[in-house]
Each structure stands twice: as C-alpha cells, then as structure tokens.
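> Below are the sequence and a predicted model for it; my questions follow.
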Amino acid sequence: MTLRFNNLYSLTLAFCLIPLLWLLIDTAFDNLGPNPIQALHIRLGDWSLRFLWLTLAITPLQTVTGWRGMTEYRQMLGMYAFFYATLHVLAYLLMDHALVWSVIGIDIIESQYIWFGVLAYSIIFSLALTSPKWAKKRMGKKWKKLHRFIYLAAGAAIIHYYWQLKGNMAEPLFYLVMICILLGFRVLVWVKNRQLSRLMIPTGQRVLVVPVKQFVMAETIREQQVNEPERLDESGTQHQHT
Amino acid sequence: MIIKTKKDIPASEITDPSVFKKRRQIIKATLATMLTGGAISSTLANSTLPVWGNLQKSPVSNDSLTVTPAEITKNHTNYYEFSFNKKEATSLAQNLVTDPWSVEISGEVEKSGSYHLEDILGQQTLQEYVYRLRCVEAWSMVVPWVGFPLASLLKRVKPLSSAHFVKFTAVYQPKTMPKQLADAMLEWPYVEGLRIDEAMHPLTILAVGMYGESLPKQNGAPLRLVVPWKYGFKSIKAIVKIEFTKRAPITTWNKFAPNDYGFYSNVNPAVAHPRWSQNSERQLGSSFFTPRRQTELFNGYGNQVASLYSGMDLRHFF
C-alpha cells in the first residue's frame, strides 16, 4: 500500500512538470508566436495561477469526498505554484527586461497590476519558505495563521491577471468563477459551523466554538469507521485513500 | 505582377473610372488564371496580392529603422471585431468581404458622396512609409506601409471651414465579424477621430498595403488609417466612412473606458495607462534577454508633430 501511495505521489510530482516541458519544447521549436518573450512569461504566470487554484481545491475536495491524507499533495501543488511563479518573475526580469533595473523600477512603480503580482509573489514566497514539516512544527499555531494568507495571495493573483488586460474578460472569468467557488466553499463551511455551534451552545459559552467544529469533523470520521470496521483490520493506511 | 502608379496626377488627368475598372478586370483575370493554373499554397495570413514593385519612398519615411519581419506583423494584430485573441482574429479576418469597397464622405464638406475605393486610389500616388507603430499594450513594430497622405484625399473633397474634426467609421459586417454579431464589449462599428490639423499632417496616411503587397485582411484591408505618433488603436482599420464634424467625435475606446484611453492618445512615456506603464516597449522580433526599448514622446515623431500640441497639457489631454 505504501508503495502504491509513493508511486502516485511521484507520478503527480513528474506530471506537474509537463507544462514546463511543453513550454521548453515550444521555445526550442520557435512555436511561441510573434511575441515569444511575452508568451513565455504569460504562460508561466498562467501555470502558477492554475497550481495555486489546484492547491486551494484540495481542502474542499477532502471535505466533500471524505478522503484523507491529501496534505502532501496540497503541499506539492503549493510548491509548484511557487515554482512557476518564480520562473514567471525570472522571465520578466531576465528575458523581458534583461535586468535593466532603471526600466524595471519605473515599470513596477507605474504599473498597478504589477503591485498585485508583487504582493501575491511575496506571500507565496514566504509560504514556500515555511512549507517544510520542521517549519510547521516549529511555528505551531502561527503556521496556520501565516498560511491562511494564501487566500490574500489568490485575490492578489486574480487582480494581477485582470488588470493587465485591455478589457477582454472571457478567460480570466473562468479563473474568477473558480476561485469564488473555492473560497465560497470555505465561507459556507465556516457559516455552517458557526450556526451549528450557536444551536448547541448557550450564548454565554461562545468559547466552545472551535472545539465544537472539531467535534463535528471527528464525529464524521468515527461514523465512517463504524460503518466499515473491516477497513481498520485490513491495513492501517488504506483508509487514507477511501 | 506590377501595378505602375503615376506620380502627381493633376485633377484634370484623373483616369476615367471605366478605364480603371477594365484594368482591374484584367488584373482579376490574370489572378484567376494564376490561382487555377498552379497549386498555390496560400496560407491564411499570406493571401496578399497584388504586389507593388519598387515604390518610391515617401520623404517622411523613417528609412533608418529596422523593419519588423512581415510574418510577425501579419500575425500580431488586434482586431476585436473578430476576436479578442490575436491569433484567432487573424484567421477569422480572412472571412471579411472587401470587394467591392466604397467610402462614404460626408459632413462639413463640399464634395460629399460615396466613392469607390478604386476611384479614390486612381487619384493617388502610392508611396512607401516606414513607420514605427506603438501599441498601447506596450509593444512596437516597424512597418513599411503602402499608402498616400490622408490630406491629399481630404483636400480633394474640399472640407468646409466648419470642419474641425474628422471622424472615421470602420465596416459593420456582423455576418463575418463575430464580436459585432454578439454585440460584445465595444460599441460597433469601431469609430476613431482626429483633429483636422492632425488629419492634414503629412505623417498621417491612408494605407492600402504593407511590405509591397496589399494589406492582409487582419491588418486592415482594404483601407486603413496610420497615425504613427499615436497609439495603434487610433489607426482604424477597414474604413467605410470619413465624416467632417464640427465637434470632436466620440471614439470607441474612449467611450468604453474614458480614463484609460483619451481622444488624443499620443504616444507619451510620461503618461502611464491607469493600470500599466508606458515608459518602455517590447520591440517585436527582438530575441530573448534583449532589453525593452525606451518609449519616445510622440513615438519619436516629436520634431514633426509637437507643434500641434504647443501649450497643451499632455497629461490632461492624454
């Protein structure tokens, strides 16, 4: 079981490099169109955005399906979002501007859409730095607080995307709708938990809101285990995939 | 095939339209033979005929500039009537019907009326104009246009003294233009405008070709405006109407987003678009790791046009 799990993980890890490979092939075969420099850095930005969205899709997916053990995948996708964002930034600085800082400086100062790109990247950068397990352990409760900034990064990223357009909203609309669904899902869960907690606890004991949320989650898990008790006997890891 | 154009034809010696039409028929017949006779691999973006031979260069042409490869110019153009995507627009633009074509001249002018494009061209001497085109999207290219000064057409139709502006209207052809059919984004048909002195300026031309060939459909066939010191969107494509007006016309992009796109839209590195810088530009055709070009005021045509705007605050009249 462990082997299969690792295979899937490695496969995903390799799979996420396909966009880069594809881009390299297009570059090598001069297949990037009449403005290859722009095409290259826009495509890297697009992939960064897509991976960020995929990262944000993991938690709702886990909640809806009840699948466990996807944290590693969330981390991997998040790191890929950082990876493509870094290439995107490097392409802008090196390929488009050849590191002419005086021109880059004016471009950043005068271009509002880049401000949001800088904000999104700064956040993703700090999340990537604190991504390893040891950092998570060391930071404790602060880790979760910091990593909630991914929502802000997503907002900044979509503004960054929208504001460099002249007015055509068709493609970015898809990403906007997707992020609204992904973040809206979290709001719904939060509201639902709040309502549940209100129903169950007298107003004087609001302190219990957080434990109640955990209680609801824990109960669902226990229910599954009770319904299918043989799974526990079979293998300790199998319930991770179901 | 070469179409020889006479130089400086006096008004009295204008070719009779019927003679001109016969000439066109001969050309068409020749073309048809060529097309049916041999297998011609005409790719979408390359169906550009006829070919002009050695055209005389206009004295206002920038011959020191390195011309952008034609393949780039033919495949990197905005044409929102067809698509918001440049590649798709280029392929869909091939559906545009450009024959026959006439231009309506109206408003504050003596000789208003509808003119066949062939008749208009019969009166003009075509020359080559190498100009830099700077797009508001912060890229630029150098294009060898084939055309004639707008002023020489405007003078022939005799504008009245009340004509302070010139309004240009592009074709409305929803059958071939999906975004017009869908009534998408901008108000159609596309409208642009110039102040009369801008329109009369010797740099302002009407183009019918580029790179020695007819204009490809995606690049504005059969007749487009080229105003080299203004952002590209001012250079309206597929013109069907030229109107002389007393007041400034409401132009398409200006109406869509008045804070983003002004009536003048002169290239100016000091005035940023509200959301992006106009300080530098990507020169198309340059290789990876090439720095951007520093954008020049009036796209480098300041010596010729700055006097048009003397005393004007260019930040206010952007």
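Sure, I can see it. Numbering: from 1, shown residues only, chains lettered A, B, ... in the order given.
> what residues are up against the closest residue to chain A within the stretch 201-318 of chain B?
Residue nearest to chain A within the stretch 201-318 of chain B: B:Ser277 (3.5 Å; CB to the nearest CB). From N, CA and C alone the C-beta is placed, and that goes for glycine too. Neighbour list for B:Ser277: A:Ile106, A:Asp107, A:Ile109, A:Glu110, A:Ser111, B:Ala138 [criterion: CB atoms under 8 Å, 6 or more residues apart in numbering or on different chains].
> now swap in A:Gln112 and tell me
By CB under 8 Å, 6+ apart, the residues touching A:Gln112 are A:Trp163, B:Pro274, B:Arg275, B:Trp276.
> Next step: the residues you listed restricted to helices.
In helices, judged by DSSP state H, none of those are found.
> Can you add pLDDT, distance to B:Gly212 and neighbour count and give these back as a markdown table?
As requested, those are exported to a markdown table (pLDDT from 0 to 100; distance: CB to CB, whole Å; neighbours: other CB atoms under 10 Å in any protein chain shown):
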| residue | pLDDT | distance to B:Gly212 | neighbour count |
| --- | --- | --- | --- |
| A:Trp163 | 89 | 40 | 18 |
| B:Pro274 | 91 | 39 | 13 |
| B:Arg275 | 91 | 38 | 17 |
| B:Trp276 | 94 | 35 | 20 |
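> What is the nearest of the residues you listed to A:Lys141?
Closest to A:Lys141 out of the contacts of A:Gln112 is A:Trp163 (34.8 Å), distances taken as CB to CB.
> The closest one: what's it in contact with?
Listed by CB under 8 Å, 6+ apart, the contact set of A:Trp163 reads A:Gln112, A:Tyr113, A:Phe116, B:Arg275, B:Trp276.
> Using TSV, lay out those residues together with distance to B:Ala170.
Shown next, in TSV, are the contacts of A:Trp163 (distance: CB to CB, whole Å):
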residue	distance to B:Ala170
A:Gln112	31
A:Tyr113	29
A:Phe116	34
B:Arg275	26
B:Trp276	26
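> who in chain A is up against chain B?
Residues of chain A lying close to chain B (CB under 8 Å from any CB of the partner chain) are A:33-38, A:40, A:94-98, A:100, A:103, A:106-107, A:109-114, A:163-164, A:166-168, A:170.
> Sort out for me which of those residues are in helices.
Using DSSP H, the residues of chain A next to chain B in helices are A:36-38, A:40, A:103, A:106-107, A:109-110, A:112-114, A:170.
> Quick one: buried ones out of those?
Neighbour counting with 16 or more other CB atoms under 10 Å in any protein chain shown marks A:Pro36, A:Ile37, A:Gln38, A:Leu40, A:Val103, A:Ile106, A:Asp107, A:Glu110, A:Gln112, A:Tyr113, A:Ile114 as buried within these.
> Just send the ones in helices among the residues of chain A next to chain B back as CSV, with pLDDT and distance to B:Ser214 too.
Formatted as CSV, those follow (pLDDT from 0 to 100; distance: CB to CB, whole Å):
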residue, pLDDT, distance to B:Ser214
A:Pro36, 95, 28
A:Ile37, 95, 30
A:Gln38, 93, 28
A:Leu40, 94, 33
A:Val103, 96, 38
A:Ile106, 96, 40
A:Asp107, 96, 38
A:Ile109, 96, 44
A:Glu110, 95, 39
A:Gln112, 93, 41
A:Tyr113, 95, 38
A:Ile114, 96, 40
A:Ala170, 68, 32
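> about what we covered before: check the buried ones among the ones in helices among the residues of chain A next to chain B and tell me the two furthest apart.
Using CB to CB, the pair of those lying farthest apart is A:Pro36 and A:Gln112, separated by 25.9 Å.
> Return the closest of the buried ones among the ones in helices among the residues of chain A next to chain B with respect to chain B.
Distances from chain B to those, taken by CB to the nearest CB, are shortest for A:Glu110, at 3.5 Å.
> pLDDT value on the closest residue to the closest one other than its chain neighbours, please?
Of all residues not flanking A:Glu110 in the chain, B:Ser277 sits nearest, at 3.5 Å (CB to CB, 6 or more residues apart in numbering or on different chains). pLDDT, B:Ser277: 96.
> again with the one 10 residues further on
Looking at B:Ser287, its pLDDT stands at 91.
> before we move on, what about A:Lys133?
For A:Lys133, pLDDT reads 89.
> List the residues that contact the closest residue to B:Pro269 other than its chain neighbours.
The shortest distance from B:Pro269 to any non-neighbouring residue, by CB to CB, 6+ apart, is to B:Thr295 (4.0 Å). Counting by CB under 8 Å, 6+ apart, B:Thr295 makes contact with B:Arg134, B:Ala138, B:Ser140, B:Val267, B:Pro269, B:Gln278, B:Asn279, B:Ser280, B:Glu281.
> B:Trp145 now?
Going by CB under 8 Å, 6+ apart, B:Trp145 touches B:Glu128, B:Tyr129, B:Val130, B:Tyr131, B:Ile205, B:Ala207, B:Gly209, B:Met210, B:Val226.
> Please repeat the previous calculation with a cut-off of 7 Å.
Contacts for B:Trp145 were tallied using CB atoms under 7 Å, 6 or more residues apart in numbering or on different chains; they are B:Tyr129, B:Tyr131, B:Ile205, B:Ala207, B:Met210, B:Val226.
> Make sure the fourth one is actually in contact with B:Pro144.
No: with contact defined as CB atoms under 7 Å, B:Ala207 does not count as touching B:Pro144 (10.0 Å).
> Those two - which one has more neighbours?
A direct count of neighbours by other CB atoms under 10 Å in any protein chain shown for B:Ala207 and B:Pro144 places B:Ala207 higher, at 26 against 23.
> Would you mind naming the residues that bridge with the closest residue to that one other than its chain neighbours?
Using CB to CB, 6+ apart and skipping the chain neighbours, the partner closest in space to B:Ala207 is B:Gly147 (3.7 Å). For B:Gly147, the beta-bridge partners are B:Gln127, B:Ala207 (DSSP bridges).
> Let me see the confidence value for residue 67.
Because you didn't say which chain, this covers chain A. 86.
> other chain: chain B
pLDDT, B:Val67: 97.
> Return the distance of B:Gly209 relative to B:Phe168.
With distances taken as CB to CB, to the nearest Å, B:Gly209 is found 19 Å from B:Phe168.
> out of these two, which sits in the more crowded spot?
B:Phe168 (27 against 23).
> Go through stretch A:144-153 and flag the buried ones.
Those would be A:Leu146, A:His147, A:Ile150, A:Ala153, for stretch A:144-153 by 16+ other CB under 10 Å.
> what does the model give the spatially closest residue to the second one that is not a sequence neighbour for pLDDT?
Using CB to CB, 6+ apart and skipping the chain neighbours, the partner closest in space to A:His147 is A:Leu127 (5.8 Å). A:Leu127 is assigned a pLDDT of 96 by the prediction.
> Does A:Leu127 belong to a helix, a strand or coil?
helix (DSSP: H, G, I helix; E, B strand; the rest coil).
> Same list (the contacts of B:Ser277) but as a markdown table, adding distance to A:Arg138.
As requested, the contacts of B:Ser277 are arranged in a markdown table below (distance: CB to CB, whole Å):
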| residue | distance to A:Arg138 |
| --- | --- |
| A:Ile106 | 40 |
| A:Asp107 | 38 |
| A:Ile109 | 37 |
| A:Glu110 | 40 |
| A:Ser111 | 37 |
| B:Ala138 | 44 |
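> ok, of those, which one's closest to A:Ile159?
Closest to A:Ile159, out of all of the contacts of B:Ser277 and judged by CB to CB, is A:Ser111, at 12.4 Å.
> contacting residues for residue 128?
Looking at chain A here, since you left the chain open. A:Ala128 makes contact with A:Met79, A:Phe82, according to CB under 7 Å, 6+ apart.
> The chain in question should be chain B.
Shown in contact with B:Glu128 (CB under 7 Å, 6+ apart): B:Leu55, B:Lys57, B:Ser58, B:Ser61, B:Pro144, B:Val146.
> What backbone torsions are found at the fifth one?
Spelled out, it's B:Pro144. The phi and psi values for B:Pro144, taken as degrees, to the nearest 10, are phi -90, psi 100.
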